[in-house]
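> Starting from these lines, generate the structure:
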Amino acid sequence: MISDLPIRKIIHVDMDAFYASVAQMDNPELKGKPIAVGGGETRGVISAASYEARKFGVKSAMPGRLAIKLCPKLIFVKTDFERYSEISKQVKSIFYDYTDLVEPLSLDEAYLDVTKNKKGLPSATLLAQEIRQRIYEEVGLTASAGISINKFIAKVASDYNKPNGQKTVNPEDVLKFLEDLDIRKFYGVGKVTAEKMYQKGIFTGKDLKVKNLEYLEENFGKSGRYYYYVVRGIHNSEVKPNRIRKSLAAERTFNKNLSSEIFMLEKLEHIAEEVSRRLDKSTVAGKTVTLKIKYSDFTLQTRSKTLPYYVSEKAIILDTAKDLLYQNELNNSVRLLGISLSNLNTNQNKTKAKKGSVSVQLKFKF
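Here you go, the predicted model:
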């Protein structure tokens with residue numbers, strides 16, 4: 001089914017254990033040791049884990065107290081987003097030497113459309129190798145890459161030979177690759193959905209492919225249509241270099257649960273200051289302020305208020321967050337507070353022209 005579709009050359013570059021690798025690069029004493037970024041032995045959730053720690057089952061979003069049980073020699077290091085941002089900019093500057101069609105997904109990964117590239121090289125595979133080599137030589141970190149005809153397959157492929165590897169799925173190999181793929185490897189299929197698919201006898205792409213569109217929509221809602229097409233190699237989303245930020249947030253997990261709103265207000269002031277700083281740095285403002293509350297029993301609650309004007313000032317953000325805090329009684333003691341701003345004024349730029357996008361059938365080596 002992909003023969004009649006426009007084929008692009010897409011590279012998905014994913015830095016290897018980015019936060020942990022930056023910490024190990026900046027502190028050579030940590031190299032080769034199991035480390036976790038964020039969290040702690042008694043409180044908090046891990047943001048990232050080194051490959052040495054992953055061997056013990058330590059992974060992101062895991063409570064620190066569980067991680068230390070799995071890996072008693074685990075070393076916790078603090079997050080440093082300013083440093084991650086600095087390194088991320090260095091990596092992205094390398095990307096732009098090859099194409100202007102770069103779509104960052106986060107600080108540590110991005111899509112590159114190299115169908116037409118600044119080097120004039122026909123092989124996306126060789127381009128990916130060169131990009132990864134430059135990242136290693138100029139930045140000091142390793143990256144993995146996936147190369148294929150669309151964003152979906154490139155992202156799946158980038159996870160195949162991690163760390164410090166890459167995989168190319170050529171146009172003629174796409175359908176076989178997808179049929180053999182474990183359903184858990186499909187980008188967009190989470191743990192809950194995978195379990196549901198297992199219950200329905202769907203274990204691989206081949207199992208998914210025999211299900212018709214009606215069946216998938218009936219059992220998986222709007223996502224059913226997405227699954228129907230991607231398993232057939234169809235994913236027409238272009239690389240969007242002007243990816244629009246939808247929200248900006250900051251949050252803090254506390255060493256001890258807070259039960260007094262007075263102590264919470266003190267924490268909210270620091271969080272509001274951080275949100276304001278990030279807004280100013282990104283030169284954006286927002287209308288909707290959301291307060292995130294995670295209780296000691298891990299239940300989550302959000303409270304939002306939309307203002308009639310765009311804001312980025314700490315004082316207004318803090319005052320709004322305070323109003324939201326007092327809006328209702330708290331259900332329990334609190335382990336985490338967060339503030340986010342959405343409905344950003346970046347939405348005013350959505351209509352930018354899509355110049356430079358490529359939709360052509362390739363006639364040369366992939």
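> low pLDDT regions in the stretch 101-250 of the chain?
Residue ranges of the stretch 101-250 of the chain with pLDDT under 70: 243-244.
> quick one: His12 and Asp113 touch, right?
No - contact criterion C-beta atoms under 8 Å: His12 and Asp113 do not qualify, at 10.7 Å. The way it works is simple: take the backbone N, C-alpha and C, and place the C-beta from them, glycine included.
> Grab the nearest non-local neighbour of Glu213.
Actually, residue 213 is Leu rather than Glu. In space, and not counting its chain neighbours, Leu213 is closest to Tyr228: 4.8 Å by C-beta to C-beta, 6 or more residues apart in numbering.
> now Tyr136
Thr142 (5.8 Å).
> neighbours of that neighbour, just the number please.
Neighbour count for Thr142, taken as other C-beta atoms under 10 Å: 17.
> Isn't it up against Ile131?
No - distance between Thr142 and Ile131: 11.9 Å, which falls outside the contact criterion (C-beta under 8 Å).
> and stretch 103-116, how far out from the chain's middle?
For stretch 103-116, the distance between its averaged C-alpha position and the chain's averaged C-alpha position is 12 Å (C-alpha atoms, centre = their mean, to the nearest Å).
> Spell out the secondary structure type for Lys267.
helix (DSSP: H, G, I helix; E, B strand; the rest coil).
> Check Ala194 too.
Strictly by three-state DSSP, Ala194 counts as helix.
> Leaving aside the residues adjacent along the chain, what's closest to it?
Counting by C-beta to C-beta, 6+ apart, the residue nearest Ala194 is Arg184, at 4.9 Å.
> what does Val311 give?
Leaving aside its sequence neighbours, Val311 sits nearest to Ala285 (C-beta to C-beta, 6+ apart; 5.7 Å).
> Please give me every residue in contact with that neighbour.
Listed by C-beta atoms under 8 Å, 6 or more residues apart in numbering, the contact set of Ala285 reads 279, 310-312, 341, 344-345.
> Make TSV out of those and add distance to Val102.
Rendered in TSV, the data for the contacts of Ala285 read as follows (distance: C-beta to C-beta, whole Å):
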residue	distance to Val102
Leu279	23
Tyr310	28
Val311	30
Ser312	26
Leu341	25
Leu344	21
Asn345	23
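> wouldn't Glu251 be in contact with Ile339 here?
Yes - with the criterion set as C-beta under 8 Å, Glu251 and Ile339 qualify as a contacting pair; they are 7.4 Å apart.
> Overlap of the contact sets of the two?
With C-beta under 8 Å, 6+ apart applied, the overlap between the contact sets of Glu251 and Ile339 consists of 271, 292.
> quick one: which of these two has more around it?
When Glu251 and Ile339 are compared on other C-beta under 10 Å, the one with more neighbours turns out to be Ile339, at 25 against 15.
> so what's that one bridging to?
With DSSP bridges applied, Ile339 shows beta-bridge pairing to Ala250, Leu291.
> Which element, helix or strand, includes Leu336?
Element membership of Leu336 [criterion: DSSP states H and E] is strand 334-344.
> CA atoms only: put that strand into PDB for me.
Listed next in PDB are the C-alpha coordinates belonging to strand 334-344 (Å, rounded to 0.1, in the frame of the first residue of the first chain):
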ATOM      1  CA  VAL A 334       0.800  16.900  49.500                       C
ATOM      2  CA  ARG A 335       4.000  15.400  48.100                       C
ATOM      3  CA  LEU A 336       4.200  17.500  44.800                       C
ATOM      4  CA  LEU A 337       3.100  20.900  43.500                       C
ATOM      5  CA  GLY A 338       3.300  22.100  40.000                       C
ATOM      6  CA  ILE A 339       2.300  25.200  37.900                       C
ATOM      7  CA  SER A 340       1.800  25.200  34.200                       C
ATOM      8  CA  LEU A 341       0.800  27.900  31.700                       C
ATOM      9  CA  SER A 342      -1.100  26.900  28.500                       C
ATOM     10  CA  ASN A 343      -3.100  28.700  25.900                       C
ATOM     11  CA  LEU A 344       0.200  30.300  24.900                       C
END
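> so what secondary structure elements neighbour it?
Counting contacts by 3 or more C-beta pairs under 8 Å, 6 or more residues apart in numbering; DSSP states H and E, strand 334-344 is packed against strand 247-258, helix 261-282, strand 286-295, strand 300-311, helix 314-325.
> Just say which of these is most tucked in.
strand 286-295 (a mean of 20; mean count of other C-beta atoms under 10 Å).
> what packs against that one?
Taking 3+ C-beta pairs under 8 Å, 6+ apart as contact, the helices and strands that strand 286-295 lies on are strand 247-258, strand 300-311, helix 314-325, strand 334-344.
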